[in-house]
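Participant: just a sequence and a predicted model for now, questions to come.
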Amino acid sequence: MQKIEKNKIIQREVFPKIVAHLGKPEITLITGARQTGKTTLLGMLKERLIKEKKVASENIFYFNLDIVKDWEFFQDQTKFIEFLKDRSQEQKIYVLVDEAQRVPNCSRFFKGVYDSDLNVKLVLTGSSSLELKTRFQESLAGRKQVFHLFSFSFTEFLQAKDKILAELLEKKSKISEISKKQILSLFKEYVIWGGYPRVVLSSTNQEKSDVLSDIYSSYIEKDIVGLLEIKNRLKFSDLVKLLAGQIGQLVNISELSNSLNLDRETVERYLKALEETFIISPLIPYFKNPRQEIVKQNKIYFNDTGIRNYALDNFSLLSERQDAGLVLENTVFREILLSLSLFQKIRFWRTKQGAEVDFLILKGEKIVPIEVKSKIRKPVISLGLRSFIEKYVPEKAFIVNLSLEQGVKIKKTKVDFIYPFEIQGKCQS
C-alpha cells in the first residue's frame, strides 16, 4: 500500500463540473460542511486556470474571509466594484472568495457585483446551507449555480490511500481476489473513520480521533452556537448521540422530545439545523398504497460515519461492533446518495406489516431495490426484499454485503450479491 502524503491533493468528483461552469456567466457557489476541502478546491481551481486555461495569475484574485485583512476588503461594495472595473477593462478576471457568507449583506453585495455586468467571474464558497439561505436569499435567484462538496466518497478515499487500487476500481475491469480483499479492508476503515480529508490523511487512530474532535467542536462553536445561537449545546449534542444510535430507524419526533425533555418544536429546529449544516440527511419512504405502506416517518443517516462514530465514542473495528450492520448501511446510503444522477432519487420501503427494503433507487418508473447485510454466508433473500420483488417486479436488485459475490434469479428479477465498494458503479449503470 502506498504511503499517504500529508499534502496530497485528491481531485474531487465534483471538480470537473465546477471547472466546466467557470465558462458560464453565473456565480459559481460551492457549499459544504466545514473542513470538507473547499479551500483546497479553490486552490486547485486557481491552478487549473493558470496551467490549463492560460489565465495570467495577476487576473485571479483570491480572498479568504476568515482572514480579517481580506474581510475588510469587502466592506464597501462601490469601492470593490471600482476595483474590479479597473482590472477587467481588457481581459476577464476571476474572483475566488472563500467563506463568502461573511460579507455583510452578502446577497445584496454579490448581486450588485454580478449586475454591474463586468468582465468578471465570481466563484464563492460557504460552509452551511442554513447560513447561505439566511444571507444569500432570493435576490441571487437565476444568478448562481450551486455545487455541494461533501467529505470524501470511498472512491476519493481510495485515491488518497492507494492510487493503484483506485485506478483498478475506476476502470471497472476484472479485479483480482487479492485486490478485492485489499479494497474491502480499506472500505472497512472508511466505514469507521469516514471521509473528512484531514482524517483520511492522518497517520494514526489517535490523530484521526483528535481531528474528528476538532471538526465537531468547531462545528458546535461556529455553526450551532455562533450562527444558530443554540445555547443549550448539551441538549443538542445529546440529540446527535441519540440519532447516531438509531441510524436506519424510523424517526419519532415525540420519542426524541421525551428523551431529551425538549418541546417538539425545538427538536424539529435542531433536526433542521443538522440537515442544513450537512451533518445528517433524511431518507423519505416510497409508497404507492398509503393503506399498506408507511408514508409519514423518515429515516436519518449521517453524511459522514466518522462524525457518527465520534458522537458515540466508538471507533472499534467493524468485526468487533454490535452496530456493524447499521454503520455499514449508513455508509452504503452515502455512497448511493453521492452517485445519484439528476434524474434519480433514493427512498426506502416499509409496509405496516413490517416488510422492509433498505434503499430504492428511482428513475422514472424504474426501481432498483438495495439491501445491506453485514453478515451473510449464503445467497439468502430476506422476506422484505422478496415481498418487494413479488409486488413490483423490478428488473434487478442488489444485496450489498462483505463476503459474497453471486447472482440469483427470482422470477424475472436478477438479484446480485455485491461488495459495498461496487455500489456507486451499479447505481450509475
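Facilitator: Yep, it's here.

Participant: can you pull the poorly scored residue ranges out of this protein?
Facilitator: Segments of the chain classed as low confidence (criterion: pLDDT under 70) are 1-8, 128-139, 227, 290, 292-295, 429.

Participant: for the most centrally placed residue in it, grab phi and psi.
Facilitator: Taking CA atoms, centre = their mean, the centroid of the chain lies closest to residue 150, which sits 3.7 Å from it. Main-chain torsions, residue 150, degrees, to the nearest 10: phi -100, psi 180.

Participant: for it, which residues are in contact?
Facilitator: Listed by CB atoms under 8 Å, 6 or more residues apart in numbering, the contact set of residue 150 reads 32-33, 36, 195, 278, 303-304, 334, 338. Bear in mind the C-beta positions are built from the backbone N, C-alpha and C, glycine included.

Participant: kindly recompute the last result at 10 Å.
Facilitator: Neighbouring residues of residue 150 by CB atoms under 10 Å, 6 or more residues apart in numbering: 12-14, 31-33, 36-37, 156, 195-196, 278, 281, 303-304, 334, 337-338.

Participant: how distant is the helix or strand containing residue 29 from the center of its chain?
Facilitator: Using DSSP states H and E, residue 29 maps to strand 27-31. Centroid displacement of strand 27-31 relative to its chain, using CA atoms, centre = their mean, to the nearest Å, is 16 Å.

Participant: rewinding a little: give me the subset of the contacts of residue 150 lying in strands.
Facilitator: Mapping the contacts of residue 150 onto strands (DSSP state E) picks out 31, 281.

Participant: filter the contacts of residue 150 down to the ones in helices?
Facilitator: Cross-referencing those against helices under DSSP state H gives 156, 334, 337-338.

Participant: give me the three-state assignment for residue 48.
Facilitator: Secondary structure state of residue 48, per DSSP: H, G, I helix; E, B strand; the rest coil, is helix.

Participant: now it: how far from residue 173?
Facilitator: Using CB to CB, to the nearest Å, we find residue 48 at a distance of 28 Å from residue 173.

Participant: and if you look at residue 323?
Facilitator: 34 Å.

Participant: ditto for residue 425
Facilitator: As judged by CB to CB, residue 425 and residue 173 stand 11 Å apart.

Participant: between those two, who's got more neighbours?
Facilitator: Ranked by neighbour count (other CB atoms under 10 Å), residue 425 and residue 173 place residue 425 first, with 14 against 8.

Participant: what sits closest to the more buried one if chain neighbours are left out?
Facilitator: Nearest residue to residue 425, sequence neighbours excluded (CB to CB, 6 or more residues apart in numbering): residue 172, at 5.8 Å.

Participant: swap in residue 298?
Facilitator: residue 282 (4.4 Å).

Participant: quick check: bridge partners of the one you found?
Facilitator: Beta-bridge pairing of residue 282 under DSSP bridges involves residue 300.

Participant: I'd say it and residue 253 touch.
Facilitator: No. The pair residue 282 / residue 253 is not scored as a contact, 12.0 Å apart, by CB atoms under 10 Å.

Participant: report how many residues lie close to the residue nearest to residue 298.
Facilitator: Counted by other CB under 10 Å, the residues lying close to residue 282 total 13.

Participant: quick check: the gap between it and residue 36.
Facilitator: From residue 282 to residue 36 the distance is 20 Å (CB to CB).

Participant: again, but for residue 113
Facilitator: Distance of residue 113 to residue 36, computed by CB to CB: 26 Å.

Participant: distance of residue 34 from residue 198?
Facilitator: Distance, residue 34 to residue 198, using CB to CB: 11 Å.

Participant: swap in residue 78?
Facilitator: Taking CB to CB as the measure, residue 78 falls 39 Å from residue 198.

Participant: which segments of this structure make up each domain?
Facilitator: Domain ranges of the chain: 15-148, 155-428, per automatic domain parsing.
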